[in-house]
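1. Predicted model follows, preceded by the sequence.
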Amino acid sequence: MAFIETIAPDCADSALAAMYLRQQSAWGYVPNYAKVFCHRPAVMARWASLLAEIKRPMDARRFELVTFVAAHELRHTACTLVHGKKLREFFSDHEIVAIAKGHPPDTLTDSERAMLRFARQVARDASQVTQEEVDGLRALGVTGAEVFDIAAAAAARAFFTKVLDALGVELDLPFLALEETLRGLLT
């Protein structure tokens, strides 16, 4: 399940029990990723607050696109599958696979295509982002605040996936509920 010992939900005390209860309420079970935060439930609470604040100014489509491409670029299966599934609200499976492969469909605007290239670069190596890339976004009508939002969402996904990868968190079975064909193309 993970490289570290975790505390089972039935053995959790106050703060941890509350964190597990929130996860149970959201997912219907306590996901493996939440269990590795058992030693530091306050970190999970602060992560949730940070993520909520990053998401707040973004519309759902933009947040899911940025998060999906960042997770895919970081090669994190669980986050790619979860956010790929959420993209079904906006795109067909064929379009989601095209986005994952770096071939954005015509249903994306020019600014969304540029935003995805930028988010991938942030996830891959943020130190290589250039002023020209940011200026390109700005030329397409993306405001400075929106550039910040995109960078923060991609960087936040990097934080989360790297913690999970470093601790050997295994994919929960419900995340595999996506059809095998789509799942195989996204992982």
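-> Alright, I've got the coordinates. Since the structure is predicted, the reported quantities are computational estimates derived from the model, not experimental observations.
2. CA only for contacts and neighbour counts going forward, please
-> OK.
3. Look at Glu46 and tell me its secondary structure.
-> Slight slip there: residue 46 is Arg, not Glu. With DSSP: H, G, I helix; E, B strand; the rest coil as the basis, Arg46 sits in helix.
4. Tell me how many other residues surround it.
-> 11 (other Cα atoms under 10 Å).
5. same deal with Asp110?
-> The number of residues packed near Asp110 is 14, by other Cα under 10 Å.
6. ok, and the closest non-adjacent residue to it?
-> Leu140 (7.3 Å; Cα to Cα, 6 or more residues apart in numbering).
7. Now the one you found: phi and psi?
-> Main-chain dihedrals, Leu140, degrees, to the nearest 10: phi -90, psi 10.
8. next one: Thr6
-> Dihedral angles (degrees, to the nearest 10) for Thr6: phi -120, psi 160.
9. cool, and Pro104?
-> Per-residue torsions, Pro104: phi -60, psi 140 (degrees, to the nearest 10).
10. tell me what the host helix or strand of His72 is packed against?
-> In this structure, His72 is located in helix 60-73 according to DSSP states H and E. Counting contacts by 3 or more Cα pairs under 8 Å, 6 or more residues apart in numbering; DSSP states H and E, helix 60-73 packs against helix 77-87, helix 93-100, helix 110-125, helix 144-166.
11. ok now the third one, how far from the chain's centre?
-> Relative to the mean C-alpha coordinate of its chain, helix 110-125 is positioned 14 Å out (Cα atoms, centre = their mean, to the nearest Å).
12. Show me what that helix is in contact with.
-> 62, 65-66, 69-71, 73-74, 104, 128-129, 133-134, 136-137, 140-142, 150-151, 154-155, 157-158 (Cα atoms under 8 Å, 6 or more residues apart in numbering).
13. Kindly report the same for the last one.
-> When contacts are defined by Cα under 8 Å, 6+ apart, helix 144-166 is touched by residues 33, 36, 51, 54-55, 57-58, 63, 66-67, 70-71, 74, 76, 79, 115, 118-120, 122-123, 134, 137-138.
14. Which of those residues are buried? Put it as a ChimeraX command.
-> To isolate the buried ones among these in ChimeraX, judged by 16 or more other Cα atoms under 10 Å, type:
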select :33,36,54,55,63,66,67,70,71,74,76,79,115,118,119,120,122,123,134,137,138
